[in-house]
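In: Here is a sequence with its predicted model. Questions after.
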Amino acid sequence: MRTLLLDISQDLRFSARTLARNPAFTIAAVLALALGIGANTAIFSVVNAVALRPFPWKDSGRLVRIWESAPQLGWPRFSTSIPNFIDWRAQNHVYEDIAAWRGAELNLTGLEEAQRVEGGAVTASFFTTLGVQPSRGRFFLPDEEKPGADARVAVISHGLWTRSFGADPKIVGRTLVLNGADSTVVGVLPESFQWVLPSDILVPLVLDPAANRSNHVLIVMGRLRPGVTLERADAEMNGIAARLAAQYPDSNKGWSTQQAQVARWIVNRDVRRALLVLTAAVGFVLLIACANVTNLLLARAAGRRREIAIRAALGAGRMRVVRQLLTESALVGLAGGGAGLLLALWGVDLLRSLNPQTIPRIDEVSVDLRVLAFTLGLSLLTSLVFGLAPALQSSRPDVADALKEGGRGAPTGSMRHRARSALVTAEVAFSLVLLVGAGLLLRSFWRLTRVDPGFAPAGVVTMKINLPESKYPSAGEIQTFYEALFARLRAHPGVAGVATVSIVPFGYGNTANEVVIEGRPDDPGGAKASADWRLVSPGYFRAMGIPLHEGRDFESRDGAGPGVVVVSEAMARRYWPGADPIGKRMRPRGGKDWMTVVGVAGDVAHRGLDEAPAPLLYFCAYSSNWNPMSLVVRTGSDPASVTTAARDAVHALDRDLPVSEVSTLESLRDASVAPQHFNTLLLALFAVLALTLASVGIYGVMAYAVSQRTHEIGIRMALGSPRRDVLRLIVAQAMRPTLAGIVLGLTAALAATRLMQSLLFGVSPRDPVTFLAVAAILVAVALAACLVPARRASRVDPMTALRYE
Amino acid sequence: MSPAGAASETTRSLMEPIPAASAALSPMIRARGLTRAYDTAAGRAFVLRGIDLDVAEGEFVTIMGPSGAGKSTLLGIVGMLDAGWTGEYHFLGHPVHALRAKERAALNRNHIGFVFQSYHLLDDLTVAENLDLPLSYKKIRASERASLVADTLDRFRIVAKKNLYPSQLSGGQQQLVAVARALITKPQLVLADEPTGNLHSDQGREVMELLGRLNREGTTIVQVTHSLENARYGSRVIDLKDGWIVGGDAPRDRP
């Protein structure tokens, strides 16, 4: 054992010394590996945080997200209505607990400055379902969610407690002013608590069984009983949904349920697909780096032939030589891994800064023990990948010939040449797949950013205003407030338009309803008419730059008068095809009064640039007490000065009103394509890295191959061959492995890019333009890589070349 | 007996068993019809043709001949560094022609030491590490290896140079280390290929005297040389020409 340890320590020492004496080789190899391993470590640290690290909830595998589902309406995963939730809870036997969360916009006042707090209304079961205990006080009692309980209590997060209340030890029992009404803090969430939806302040969710079954407002999740599978839960919940559909056909017909583990909800298919593509991309980068290092080792093996032969002559068996060479490879791999880890630390910071929102748990990305173990394992595995073939090849020298005085020197055998050509082919093929992937994403992103959103986002500032019900209980009071606000803002120089909307385009969330179109029966299959909807104030279309194709905009009097709506072109086309929709009538399903279409507005990409405009219905904001609303202000001047003016105008009308989510529509548009931007940027980065590594690799092999032929070149030129012919001969031969790589890469890319289908917009995974452009780039790079040494060789003095050994 | 001699016993005890009968009855090296040829575009090129060779234990044989005669090739075959030959070759009674590569490598490792014209020390290893190299390829305990290296450094009076690299030594010193490395495993056979070819005459004489002394102590030596002076240290000369053995005499009888 001691002898083995001594041998290993000797191997390590000799290897370190050998590497130190060959700094050019060592630096080139370590650098290539650092780039490959660093990229892999950075992406693995994301995969680790997002998909591998357990979620911070007790038995998180049993936590399930439950949706109502109406795929025929284009809503496969939809929120749940309050009565349906109550029935689910009462009738199911598969969930230990089932809980609901509903977004709540809360103005917290009474402190130094009014603030809008991200919060939610939750059932008492929310805490038990997640398995969380209060750090102070208590959570909600079941009685507090009963209608009429009017329990003005709140639970606050650890963050808010420390941030806004200075970690007041007497926080439990303290009174807060929420939306203008007093509420008592009954508990504080623990510091470790995490939830994917806003939860700075939680208030009891009142569950009224008489609420509208068509009003889907709850996010529901449950904790499966031990041993219950998702399939069984699915079957039982769909059985309940079928019973409810039979019992309440008007609201529930055509509705079923869908369930997925909370982990699969948070890390959804698109995120998983993007991570898979990125993982494959960095895998390719590493393989290209490995090919480069293998090439370096093969070139170096020629120079080490004598050393290996001496070792063999002194009794070293083949495995002993292989072990020695692999020890060197392992040292190079570990050095590359170490440097890669440093790059990854920087890369992780970069990733976090690139994409704070679009990849879940991105703020949890860090280099932990698992990442370190991954890097170590990858470094050693990589050493084996790039080191084994050269080690096996080098360990079989022709000892007698290698040791002969004036022996033939390094063999220029066809086997070694073939091995290096094969590596070039592989590098080109890997690079091509990666470049095609990046090219497709680039073209897709380019198309996405050129989609006409249907409005003019430039120069529009937006912010959220939440009018508390206690102070603004009716639609009339809300209208009065906003009309006063608009008047103040219109007086501000540079304001070209001002209005409000319930959800600003590119904003979070969507509102949709089934609708009844006068004179249009439901489809025989049970499919009903439906549309997304928004509440907008008069002047909204002008402020947003949405064209009104027919009819009129809302007017101030529409809030109190007979119901009127404006429809989008898509809605007009779908429900009144070939007819003039102006004057036609419709109503939301469940509503009693018909509403008349008074205008047709242009289509808007309100669900996102990558979705075709869905039918959209506009209601007059003054007919509702909906809260919060987003203010939109169009300005021709500096958005910052308009923002300040808007804040001042709001506070001049009501000093307790916080203004939140201040942004420009252009920023919101950019944020809406952030996932695509993130994927494109990273894949493009990795593709450039791959192309650089491959270019260096191709150049290395070409330069070596040409140097091996210097003597032959000299003979040809001495015999009168023109320089151009020599050049053509060398380039033609050198390009063969590249062209083979392009053919292989194109074939592999055709298969691989199918994986990316869901990440693409407006571009086919087999887009010929991308494929051809990438192939052309690689041919150009390879040509450049072999032209440099070829030109150098063709300019050599024939006599010098003939003396070349 | 010197400490090195004691170590020699230990080393030998680790060697593979040699059948006593064949060892007693056969010479150390017995070759019949050794032929080495290479395939070239112009046909087969013969380097050795039907060589018959016997070397008894304790002999000091010199192989001579012009360049390209096949001297080094013959030495490579005897030392089991070359595998592409035909014919029969017995070494210490083992039928080398019938052995697998691994078994040949074991025979080489356990019984043969090499001295080369250009020393063939590993540039990245110190003198001590170069000496340890052949030991590290044998199953010898670490403590014993350290002791053998120390003894050899002492015996060859190169203790002061143990931490130097080959590039820091003169040619003669390098060959001294190479001879020391060839002998550290106490081989029964030392194969020396132009051992003084790169040395000036004083250094060459020292190395040859060292080989002569080793032979007198019982080590069998086969050397390849162009030098008649070197050949006089041996007991027998074999002349090679164009791959054939063309003669063989006692060196002092040669012109």
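Out: Right, received. Where do you want to start? Numbers count the residues shown, from 1 in each chain, chains lettered A, B, ... in the order given.
In: My guess is residue A:365 contacts residue A:351. True?
Out: Yes - counting by C-beta atoms under 8 Å, residue A:365 does reach residue A:351; the two are 6.5 Å apart. To be clear about C-beta, it is placed using only N, CA and C from the backbone, and glycine gets the same treatment.
In: joint contacts of those two?
Out: Contact criterion C-beta atoms under 8 Å, 6 or more residues apart in numbering or on different chains; residues shared by residue A:365 and residue A:351: residue A:46.
In: ok, and the closest non-adjacent residue to residue 174?
Out: Just going to use chain A. Closest residue to residue A:174 in three dimensions, ignoring its sequence neighbours and counting by C-beta to C-beta, 6 or more residues apart in numbering or on different chains: residue A:185, at 5.1 Å.
In: Correction: the question concerned chain B.
Out: In space, not counting the residues next to it along the chain, residue B:174 is nearest to residue B:119; the distance is 4.5 Å by C-beta to C-beta, 6+ apart.
In: what secondary structure does the one you found sit in?
Out: Residue B:119 falls in the coil class when you classify it by DSSP: H, G, I helix; E, B strand; the rest coil.
In: contacting residues around the residue most central in space within chain B?
Out: Centrality entry for chain B: nearest residue to the mean C-alpha point is residue B:191, 1.7 Å, by C-alpha atoms, centre = their mean. When contacts are counted by C-beta under 8 Å, 6+ apart, residue B:191 touches B:75, B:78-79, B:112-115, B:221-223.
In: would you list these in a markdown table and tack on distance to residue A:198, neighbour count and pLDDT?
Out: Output for the contacts of residue B:191, formatted as a markdown table (distance: C-beta to C-beta, whole Å; neighbours: other C-beta atoms under 10 Å in any protein chain shown; pLDDT from 0 to 100):
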| residue | distance to residue A:198 | neighbour count | pLDDT |
| --- | --- | --- | --- |
| B:75 | 85 | 23 | 90 |
| B:78 | 86 | 25 | 93 |
| B:79 | 81 | 25 | 89 |
| B:112 | 81 | 24 | 91 |
| B:113 | 81 | 28 | 90 |
| B:114 | 79 | 28 | 87 |
| B:115 | 82 | 25 | 87 |
| B:221 | 90 | 25 | 94 |
| B:222 | 89 | 26 | 95 |
| B:223 | 90 | 27 | 94 |
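In: Can you list phi and psi of the nearest residue to residue A:232 once chain neighbours are set aside for me?
Out: Closest residue to residue A:232 apart from its sequence neighbours, by C-beta to C-beta, 6+ apart: residue A:94 at 6.1 Å. When quoted as degrees, to the nearest 10, the phi and psi of residue A:94 stand at phi -100, psi -20.
In: Okay, residue A:94 and chain B: tell me how far apart.
Out: 65 Å (C-beta to the nearest C-beta, to the nearest Å).
In: where does the chain have low pLDDT?
Out: Let's take chain A. Applying pLDDT under 70 to chain A picks out residues A:1, A:355-357, A:404-416, A:523-527, A:797-805.
In: nope, chain B please
Out: Counting by pLDDT under 70, the low-confidence segments of chain B come to B:1-26, B:249-255.
In: Around chain A, pick out the residues from it.
Out: Applying C-beta under 8 Å from any C-beta of the partner chain, we find that chain B lies next to chain A at B:72-73, B:76-77, B:79, B:81-82, B:102, B:105, B:108-110, B:114, B:116-118, B:120-125, B:129, B:132-134, B:136-142, B:145, B:181, B:185, B:193-194, B:197.
In: Pull out the buried members of the residues you listed.
Out: Restricting the residues of chain B next to chain A to buried positions leaves B:72-73, B:76-77, B:79, B:81-82, B:105, B:108-110, B:114, B:116-118, B:120-122, B:124-125, B:129, B:132-134, B:136-138, B:140, B:142, B:145, B:181, B:185, B:193-194, B:197, with burial counted as 16 or more other C-beta atoms under 10 Å in any protein chain shown.
In: Direction included, what does the helix or strand that contains residue B:223 pair up with?
Out: Assigned by DSSP states H and E, residue B:223 belongs to strand B:220-224. Each strand pairing with strand B:220-224, determined using DSSP bridges, is listed with its direction: strand B:60-64 (parallel), strand B:189-193 (parallel).
In: need the ones you listed in TSV with distance to residue A:219, can you?
Out: Putting the strands paired with strand B:220-224 into TSV (distance: least, C-beta to C-beta, whole Å) gives the following:
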stretch	distance to residue A:219
strand B:60-64	92
strand B:189-193	84
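In: can you confirm residue A:155 is in a strand?
Out: Yes - Residue A:155: assigned to a strand according to three-state DSSP.
In: which residues touch it?
Out: Shown in contact with residue A:155 (C-beta under 8 Å, 6+ apart): A:134, A:137, A:139-140, A:185-189, A:201-203.
In: So which of these are in strands?
Out: A:137, A:185-188, A:201-203 (DSSP state E).
In: downstream neighbour of the strand holding residue B:223 in the secondary structure list?
Out: As assigned by DSSP H and E, the chain's next helix or strand after strand B:220-224 is helix B:228-231.
In: Can you tell me what sits against that next one?
Out: Among residues not part of helix B:228-231, those counted as contacts by C-beta under 8 Å, 6+ apart are B:62, B:64, B:195-196, B:204, B:208, B:223, B:225, B:237, B:251, B:254.
In: isn't the residue nearest to residue A:174 right up against residue A:160?
Out: No - the pair formed by residue A:185 and residue A:160 falls short of the contact definition of C-beta under 8 Å, at 9.9 Å.
In: Get me the contact residues on chain A for chain B.
Out: Within reach of chain B by C-beta under 8 Å from any C-beta, chain A has these residues: A:2-3, A:6-7, A:10, A:14, A:17-18, A:21, A:306-307, A:310-317, A:320, A:399-400, A:403-405.
In: and residue 35, how many residues sit next to it?
Out: Just so you know, I chose chain A. The burial count assigned to residue A:35 is 25, neighbours taken as other C-beta atoms under 10 Å in any protein chain shown.
In: try again with chain B
Out: A count of neighbours around residue B:35, defined by other C-beta under 10 Å, yields 15.
In: Also residue A:716?
Out: 19.
In: residue contacts, residue A:158?
Out: Remark: with contacts taken as C-beta under 8 Å, 6+ apart, residue A:158 is in contact with A:135, A:188-191, A:193.
In: Try it again at 10 Å.
Out: Shown here is residue A:158, whose contacts under the criterion C-beta atoms under 10 Å, 6 or more residues apart in numbering or on different chains are A:135-136, A:167, A:188-193, A:200.
In: do residue A:78 as well
Out: If you count contacts by C-beta under 10 Å, 6+ apart, residue A:78 has them with A:67-71, A:216, A:255, A:257-258, A:510, A:512.
In: Of those residues, which is the nearest to chain B?
Out: Among these, residue A:258 lies closest to chain B (C-beta to the nearest C-beta), at 64.4 Å.
In: Does the spatially closest residue to residue A:98 that is not a sequence neighbour belong to a helix, a strand or coil?
Out: Here the nearest residue to residue A:98 in space, its sequence neighbours aside, is residue A:222; by C-beta to C-beta, 6+ apart that works out to 4.0 Å. Reducing the assignment at residue A:222 to three states with three-state DSSP gives strand.
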